[in-house]
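> any chance you can model this:
(2 chains)
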Amino acid sequence: MARMKFLCDGERCIHCSGCVTACKNEHEVPWGINRRRVVTLNDGKPGQKSLSVACMHCSDAPCMAVCPVDCFYQTGDGIVLHNKDLCIGCGYCFYACPFGAPQYPSTGNFGGRGKMDKCTFCAGGPEADHSKAELEKYGRNRIAEGKLPLCAEMCATKALLAGDGDMVSTIYRERVMARGFGSGAAGWGQAYGEQKRERAREGAGAPGKDK
Amino acid sequence: MSRTILAVLLLVLGLGMAGPGKTGPALAAGYDGDVPTAAQSDRITEPESWRAIRQGEAGYIGGQPVARGVLIQSEGEIWRNFRNGKLAVYAGWLLIGVSLAIAAFYFIRGRIMMEGGPSGQTILRFNKVERIGHWLTAGSFLVLAATGLNILFGRWIIEPWLGKTLFSWLTWAGKWLHNLAGFVFIAGLVMIFFLWARDNLWDRYDWGWIKGGGGLLKKGVHPPAAKFNFGQKTQFWMVILVGALVSSTGLNLLFPFTMGDIHAMQVMHLIHAALAVVMVLFILGHIYIGTIGMEGASTAVTTGYVDREWARTHHAAWVEETEKGEPKAAE
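Have a look, this model is predicted:
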């Protein structure tokens, strides 16, 4: 079965923020929340490089491990999703996440957090596919339509790749071979590298999501 | 460190994890084309820049909080491993161990009785203000401990038989109770500090109490003590010091990112959780000795009055002192 992965090619990203905009628009993400962001390293200096980053849907997802109410689940194709009805907004997933993916609408006093929001790999949530509830809580479910995440689809330079991990890495490897420089996929080691810790993905707790 | 170097090497050589049999010729050997000069210099700096990313170097990010410029914060892994690992494991075993030790103490030593049985005469031990101070601290602590332990262990212990939805609701309510009870706890802590700090300073009876093992080990042994004995003093200063630390780290967690960045939050959380467990362990002993462990003790914080015989057994010096000034004997 396919294992979905993101990869951002630092040699190609031009910091146009098209991915960020596409994501916000597609999912109608609330004000103040950006599921995806673009970071520029060495800004204005030699070796400047931009990278687009969002939830990487880790193999052994730290968010999933630390959630006190166990609201996360991983689909059969490796996408890490969460149930907003269960989330209590404690913020632990944000402490644990290497990529700073979880975000919270701020509600109430004491820096009270609302229910966590993060990239879904355009795969919605636990509700029925294409239901109104799913759309409102998690955004559109493109995976159920047989489509890939819009951020990568929209990427003008094809810096951001999303899809089956084997295919993504094949494309990237061919690219690196052809151009002869610029290898190194940011975050891959962190997200997918530690094979020995890879969770057995039986897709538990994902009603109707696993094929 | 060696893991980082290994990761960088893998990245430089291409995607080592892409799967066996599909890797093709090695990059360095396979490539023979023209390489732009700018890219050549880029290739030299690349491993360093990837390493910097892994070590949390922040880049520029437009229109969003500066902290979001960090691409990878590896400290989260440390936080996760400590919380789900050492903290949960040691806290779990200590809670079980101390509970068993207390049970064993009860069966071996038995209930600590008043010498000569209750006299029927009572004297005032804690006035109303003192009792309010005790219960502000104690009541809120019970709520804080229960809801806090639920955050750490509930997923493994309570969720399986309550179901995800009910458990999530319970934990959500618990989180709010925890947040609010924290302020009550701080109020109680301040109150008991001012009420009892002076009575909890070292005095001439303490050394004798320590030498006599507090009378805990042998039946019929009751080293004299003033209002509080050395054991109670230890408990008191533990509550004040650990309580202050747990409170201040708790406030830091309650107002996220106002007093520090994410790494500060992680450290504060671990200190908060670990010390809170220490406090729970101490309080288990306190609750035991205040209720089933000792005859006649619990009324001190309920009605405020204790049997005169209880006081003479456990706080001989205190009885002498109070009765010398003004006889407070009632009924």
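> what about the helices in chain A?
Secondary structure of chain A (DSSP state H): helices at A:18-27, A:62-66, A:92-96, A:132-138, A:150-154, A:165-179, A:188.
> make that chain B, sorry
For chain B, the helices identified by DSSP H occupy B:2-12, B:27-30, B:37-54, B:75-81, B:88-109, B:128-157, B:159-162, B:164-196, B:206-211, B:230-254, B:262-290, B:299-302, B:308-314, B:316-325, in order along the chain.
> by mean pLDDT, which helix or strand of chain B comes out lowest?
helix B:27-30 (a mean of 38; mean pLDDT, DSSP states H and E).
> from chain B, how far off is the spatially most central residue of chain A?
Computing the C-alpha centroid of chain A and ranking residues by Cα atoms, centre = their mean puts A:C55 first, at 2.9 Å. Note on A:C55: its distance to chain B, by Cβ to the nearest Cβ, to the nearest Å, is 13 Å. (Glycine included, C-beta is placed from N, CA and C.)
> quick one: that residue from B:L216, how far?
Taken as Cβ to Cβ, to the nearest Å, the spacing of A:C55 relative to B:L216 amounts to 55 Å.
> tell me the contacts of the residue lying closest to B:T147 once chain neighbours are set aside?
Nearest in space to B:T147, with sequence neighbours left out and distances taken as Cβ to Cβ, 6 or more residues apart in numbering or on different chains, is B:G174 at 3.6 Å. Contact analysis of B:G174 by Cβ atoms under 8 Å, 6 or more residues apart in numbering or on different chains lists B:A146, B:T147, B:N150, B:I151.
> what pLDDT is listed against B:G174?
In the predicted model, B:G174 carries a pLDDT score of 96.
> so B:A273 touches B:N84, yeah?
No. Using Cβ atoms under 8 Å, B:A273 is not in contact with B:N84, being 11.4 Å away.
> got any ranges where the chain has weak pLDDT?
In the absence of a named chain, chain A is used. For chain A, the stretches with pLDDT under 70 are A:1, A:108-111, A:194-211.
> my bad, chain B
In chain B, residues with pLDDT under 70: B:1-47, B:325-331.
> against B:K324, how distant is the most centrally placed residue in it?
Centroid-nearest residue in chain B: B:A276, 1.2 Å away (criterion: Cα atoms, centre = their mean). In this structure, B:A276 lies at 42 Å from B:K324, with Cβ to Cβ as the measure.
> repeat for B:I186
When distances are taken as Cβ to Cβ, B:I186 and B:K324 turn out to be 37 Å apart.
> which of those two has more neighbours?
The neighbour comparison of B:I186 against B:K324 (other Cβ atoms under 10 Å in any protein chain shown) goes to B:I186, with 20 against 8.
> pretty sure the more buried one sits against B:L245.
No. B:I186 lies out of contact with B:L245 (Cβ under 8 Å); the separation is 12.0 Å.
> neighbouring contacts of stretch B:291-310?
For stretch B:291-310, contacts defined as Cβ under 8 Å, 6+ apart pick out B:102, B:105-106, B:111-128, B:130-131, B:134-135, B:138, B:289-290, B:314, B:319, B:329-330.
> just the buried ones from those, in ChimeraX syntax?
Here is the ChimeraX command that picks out the buried ones among the contacts of stretch B:291-310, judged by 16 or more other Cβ atoms under 10 Å in any protein chain shown:
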select /B:102,105,112,113,114,122,123,124,125,126,130,131,134,135,138,289,314,319
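> can you give me the strands for chain A?
In chain A, strands defined by DSSP state E lie at A:4-8, A:37-41, A:49-53, A:72-74, A:80-82, A:160-164, listed in chain order.
> which one of those strands lies closest to chain B?
Closest approach to chain B among the strands of chain A is made by strand A:37-41 (4.0 Å; Cβ to the nearest Cβ).
> buried sites along the closest one?
Residues of strand A:37-41 classed as buried under the neighbour-count rule (16+ other Cβ under 10 Å) are A:R37, A:V38, A:V39, A:T40, A:L41.
> residues near B:Y305, how many?
Other residues near B:Y305 come to 18 when the count uses other Cβ under 10 Å.
> can you pull up the bridge partners for it?
Partner residues in beta bridges with B:Y305, using DSSP bridges, are B:L124.
> what's around B:F194, how many residues?
A count of nearby residues for B:F194, using other Cβ under 10 Å, gives 9.
> wait, B:G92
When neighbours are counted by other Cβ under 10 Å, B:G92 registers 16.
> what's the answer for the one 3 residues further on, then?
B:L95 is flanked by 16 other residues according to other Cβ under 10 Å.
> surely it and B:V277 touch.
Yes. Assessed by Cβ under 8 Å, B:L95 is found in contact with B:V277 at 7.3 Å.
> can I get stretch A:38-55 as CSV, trimmed to CA atoms?
Extracted C-alpha coordinates of stretch A:38-55, given in CSV (Å, rounded to 0.1, in the frame of the first residue of the first chain):
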residue,chain,number,x,y,z
VAL,A,38,7.3,28.8,3.9
VAL,A,39,10.5,29.5,5.7
THR,A,40,13.5,31.1,4.1
LEU,A,41,17.0,30.3,5.4
ASN,A,42,19.9,32.6,4.9
ASP,A,43,17.5,35.3,3.8
GLY,A,44,19.3,37.8,1.5
LYS,A,45,22.6,36.0,1.8
PRO,A,46,24.4,33.5,-0.4
GLY,A,47,22.9,30.1,-0.1
GLN,A,48,19.4,31.4,0.5
LYS,A,49,17.0,28.6,0.4
SER,A,50,13.2,28.4,1.0
LEU,A,51,11.3,25.4,2.3
SER,A,52,7.6,24.8,2.6
VAL,A,53,6.7,22.9,5.7
ALA,A,54,3.5,21.5,7.2
CYS,A,55,2.6,18.3,9.1
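> give the buried residues for that stretch.
By neighbour count, and taking 16+ other Cβ under 10 Å as the criterion, the buried residues in stretch A:38-55 are A:V38, A:V39, A:T40, A:L41, A:N42, A:K49, A:S50, A:L51, A:S52, A:V53, A:A54, A:C55.
> for those residues, work out which two are farthest apart.
A:N42 and A:C55 (24.8 Å; Cβ to Cβ).
> do you know how far the nearest residue to A:T157 once chain neighbours are set aside is from chain B?
The shortest distance from A:T157 to any residue that is not its chain neighbour, by Cβ to Cβ, 6+ apart, is 4.5 Å, and that residue is A:R12. Distance check for A:R12 against chain B: by Cβ to the nearest Cβ, it reads 13 Å.
> ok, A:R12 - how many residues close by?
As a burial measure, A:R12 scores 17 neighbours (other Cβ under 10 Å).
> swap in the one 5 residues further on?
Each residue near A:S17 was counted by other Cβ under 10 Å, and the total is 18.
> picking up where we left off before, same list (the helices of chain A) but as a markdown table, adding distance to A:D77 and mean neighbour count.
Supplementary listing: the helices of chain A in a markdown table, determined by distance: least, Cβ to Cβ, whole Å; neighbours: other Cβ atoms under 10 Å in any protein chain shown:
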| stretch | distance to A:D77 | mean neighbour count |
| --- | --- | --- |
| helix A:18-27 | 19 | 20 |
| helix A:62-66 | 15 | 22 |
| helix A:92-96 | 21 | 25 |
| helix A:132-138 | 16 | 16 |
| helix A:150-154 | 15 | 20 |
| helix A:165-179 | 9 | 17 |
| helix A:188 | 17 | 25 |
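> for the stretch 201-331 of chain B, what lies in contact range of chain A?
Those residues of the stretch 201-331 of chain B that sit near chain A, judged by Cβ under 8 Å from any Cβ of the partner chain, are B:L254, B:F255, B:P256, B:F257, B:T258, B:I262, B:M265, B:Q266, B:H269.
> which among these end up buried?
Buried subset of these (neighbour count, 16+ other Cβ under 10 Å): B:L254, B:P256, B:I262, B:M265, B:Q266, B:H269.
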